[in-house]
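Asker: Sequence plus predicted model, see below.
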Amino acid sequence: MVKAVVGANWGDEGKGKITDMLAKQADIIVRFQGGANAGHTIVNDYGKFALHTLPSGVFYGHTTSVIGNGVALDVKKLFNEIKSVTDKNVPMPKIKVSDRAQVVMSYHVLFDQYEEERLAGKSFGSTKSGIAPFYSDKFSKIGFQVSELFDDEVLLEKAKKVCELKNVLLRELYHKDELKVDDIMAELHEYRDMVAPYVCDVSKFLYEAIQEGKEILLEGQLGSLKDPDHGIYPMVTSSSTLASYGAIGAGIPPYEIKKIITVCKAYSSAVGAGAFVSEIFGDEADELRKRGGDGGEFGATTGRPRRMGWFDCVASKYGCRIQGTTDVAFTVLDVLGYLDEIPVCTAYEIDGELTTDFPTTVKLEKAKPHLEVLPGWKCDIRGIRKYEELPQNCRNYIEFVEKQIGFPITMVSNGPGRDDIIYRNN
Ligand code: GDP
C-alpha cells in the first residue's frame, strides 16, 4: 500500500517525525518533490538529525530510501547527509536515485543568491538553495537529468546552451562572473561519479514493489500553502507540495495512493514572507517560539526564527482538503500546555465579512483573524499514550479543531520522539 505524509500548512508541521514513526512498518520511503531547501528534524535512538534530502526512513535498516524524479537533487548535499547519519553510527542506508531526477547545479545556488540580492527588501525569503532557478531550468528544458550525466555529447551541447543563456543575465543583470563550459562539465562529471552507484529506474522499481504488496511511504516537504498552484502564490515553493504530486514525482499510478496522512501542527508557524493571518508578535510569539517544536521554532535548514501564530482552522481546513486527507496527524500539542487560554483562528474577516474559506492571495492579504478562545489544560501531556487519559480541556481542543477542519484527527503527537504518539479510532 502507498501512503503519503504531507503538510497541511506552511511546512514544519512535524512530517519528519511522523514519517520516521510510520517508516517502522514501511519497506520504501520516497521523496517526490522539493530539494535541500527545507528540512525535517528527527529525534530517535541515534540522536537528533536535520535531514534535507534523505527521506526520514533512513534510520531503519530494513527500508530503502528513494529520491524520486520530482526532487531537486543536490548531489553534494545528499552525500554530506549520508555521511552525517553514518558518522552517528546509523547503518549505511540503501539508497536509490531516480534516473529521471535532475541535479541542482552550483550556478542555480548562485542565481538564487544573486536574485535575492537584487530584490533586496522585496525578496521571497528564499533559502538560497537554488530551488527556484533549478525548477525554472527544468521547465525551460535546460536542466540536467541524472540519465544524461552518462552521455558527454548530450552534456556538452546542453552546457553550451546554458552558458549562452545564463551569461547574458550574469553580465547584464547581475554583473557577476560568467559561467564556463569546462567548469560545468567538470561539475557534471563529479556528480556522475557520485550518483552512479545509486541510479535506478525508480518508477519501475516502485511499480514492482506495489505488485509485491510492499509498504511505500511518500514523504512530502513543506505544506499545502506553499504549493505553487494551490498555495499563497507567489510566496510559495517551486514544486508541488501535494500528495497528488506524489504520483508524478515518484512515477506511480495516482490510484495507488490509498492513505493521505496530513500533518497539522497544534499552532502555526511559517518561514519566509507572505500573508500569515493568525500571526502573533512580541512576547507572546517569543514565548511560543522558545517552547515550540523540540528546542524552539527555528528553521532546520537556515536556523532562522520562524514566524508564530495561533492555530488557523481556515488555512488548515483548506490545507487538508487540497491534500485529499484521509487522516490528520495533529502534532506538537504538548507545547501548548503552558497556556491558560488558547486562541484559535476560526474565520477570516475580509472586507467586513466573515468567511471560513481560504481565499486567493490578493484577498488573503486583507484578511484579519477572527479568534475564539479555548481554555488551556495547564499541564504536561508528554508520556500519555491513551486518548482518554488526556486532560478534558486538551481533548476539547483536539475535538474543536477536528470539527472546524472537517477531517479526522487519528493521531496526536505529544512529543518529538518516535513513541510520543496517541492513536485515536474515530
Ligand atoms: P517537518 O519539516 O514537517 O518535518 O517539521 P520540522 O522538523 O521542521 O519541525 C518539527 C519540529 O517539532 C522538530 O523539531 C520535531 O522534533 C518537533 N516535533 C515533532 N512532533 C512533535 C511533538 O509532538 N511535540 C514536540 N514537542 N515536538 C515535536
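Answerer: Thanks, I have the structure now.
Asker: So for residue 418, what's the pLDDT?
Answerer: Here, the pLDDT recorded for residue 418 equals 86.
Asker: So it is in contact with residue 44, correct?
Answerer: Yes - Residue 418 lies in contact with residue 44 (Cβ atoms under 8 Å); the separation is 5.7 Å. The way it works is simple: take the backbone N, C-alpha and C, and place the C-beta from them, glycine included.
Asker: who touches both of these two?
Answerer: Jointly contacting residue 418 and residue 44 under the rule Cβ atoms under 8 Å, 6 or more residues apart in numbering are residue 20.
Asker: Quick one: list the elements packing against the longest helix seen in the chain.
Answerer: Counting by DSSP state H, the longest helix found in the chain is helix 152-168. Applying 3 or more Cβ pairs under 8 Å, 6 or more residues apart in numbering; DSSP states H and E, one finds that helix 152-168 contacts helix 106-119, helix 181-195.
Asker: where exactly do the helices run in the stretch 201-350 of the chain?
Answerer: Secondary structure of the stretch 201-350 of the chain (DSSP state H, counting those that start in this stretch): helices at 202-211, 243-250, 282-291, 313-323.
Asker: Using PDB, write down the CA coordinates of the second one.
Answerer: In this case it means helix 243-250. Provided in PDB are the C-alpha atoms of helix 243-250 (Å, rounded to 0.1, in the frame of the first residue of the first chain):
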ATOM      1  CA  ALA A 243       0.100  14.300  -2.100                       C
ATOM      2  CA  SER A 244      -1.300  14.000  -5.700                       C
ATOM      3  CA  TYR A 245       2.000  15.200  -7.000                       C
ATOM      4  CA  GLY A 246       3.500  12.100  -5.300                       C
ATOM      5  CA  ALA A 247       2.200  10.100  -8.200                       C
ATOM      6  CA  ILE A 248       4.200  12.200 -10.600                       C
ATOM      7  CA  GLY A 249       7.300  12.900  -8.500                       C
ATOM      8  CA  ALA A 250       7.700   9.200  -7.800                       C
END
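Asker: now for it, which elements pack on it?
Answerer: Short answer (3+ Cβ pairs under 8 Å, 6+ apart): helix 243-250 packs on strand 2-7, helix 202-211, strand 216-219, strand 257-265.
Asker: other SSEs contacting the third one?
Answerer: I take that to be strand 216-219. Against strand 216-219 (3+ Cβ pairs under 8 Å, 6+ apart) you get strand 2-7, helix 15-22, strand 28-31, helix 202-211, helix 243-250.
Asker: sorry, back to before: mind putting the helices of the stretch 201-350 of the chain into CSV with mean pLDDT and distance to residue 383?
Answerer: Conversion of the helices of the stretch 201-350 of the chain to CSV gives the following (pLDDT from 0 to 100; distance: least, Cβ to Cβ, whole Å):
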stretch, mean pLDDT, distance to residue 383
helix 202-211, 98, 36
helix 243-250, 98, 31
helix 282-291, 95, 17
helix 313-323, 98, 26
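Asker: Pick the most buried one from these.
Answerer: Per-stretch averages of neighbours, counted by mean count of other Cβ atoms under 10 Å, single out helix 313-323 among the helices of the stretch 201-350 of the chain, with a mean of 25.
Asker: relative to strand 2-7, how tilted is that one?
Answerer: 150 degrees (axes from the mean of the first three to the mean of the last three Cα atoms, to 10 degrees).
Asker: Which residues does helix 313-323 contact?
Answerer: Under Cβ under 8 Å, 6+ apart, the answer for helix 313-323 is 4, 6-9, 223-225, 227, 230, 242-243, 260, 262, 264, 268, 277-278, 328, 344-348, 355-358, 401, 404-407.
Asker: what's the angle from the longest helix of the chain to helix 106-119?
Answerer: 10 degrees.
Asker: Select, out of the helices and strands packed on strand 216-219, the one closest to the ligand.
Answerer: With Cβ to the nearest ligand atom, the closest approach to the ligand among those belongs to helix 15-22: 3.1 Å.
Asker: can you give me the angle that closest one makes with strand 2-7?
Answerer: 150 degrees.
Asker: which strands and helices sit next to helix 15-22?
Answerer: Partner elements for helix 15-22 (3+ Cβ pairs under 8 Å, 6+ apart): strand 2-7, strand 40-44, strand 216-219, strand 257-265, strand 327-331, strand 409-413.
Asker: Tell me which strands the helix or strand following the last one pairs with, and in which orientation.
Answerer: The C-terminal neighbour of strand 409-413 among helices and strands, as given by DSSP states H and E, is strand 421-423. Strand 421-423 has its sheet partners listed here by DSSP bridges as strand 409-413 (antiparallel).
Asker: what's in contact with the strand it pairs with?
Answerer: So strand 409-413 is contacted by 14, 17-18, 261, 264, 327-333, 387, 390, 398, 401-402, 420-426 (Cβ under 8 Å, 6+ apart).
Asker: do that again at 10 Å, thanks
Answerer: 13-14, 17-18, 21-22, 261-266, 326-334, 381, 384, 387, 390, 394-395, 398-399, 401-402, 420-426 (Cβ atoms under 10 Å, 6 or more residues apart in numbering).
Asker: interface residues of the stretch 201-350 of the chain facing the ligand?
Answerer: 293, 294, 300, 331, 332, 334, 335 (Cβ under 6 Å from any ligand atom).
Asker: Which of those scores worst on pLDDT?
Answerer: Lowest confidence among these: residue 300, with 65.
Asker: related to what we said a few turns ago, what subset of the contacts of helix 313-323 is buried?
Answerer: Neighbour counting by 16 or more other Cβ atoms under 10 Å classes 4, 6-9, 223-225, 227, 230, 242-243, 260, 262, 264, 268, 277-278, 328, 344-348, 358, 401, 404-405, 407 among the contacts of helix 313-323 as buried.
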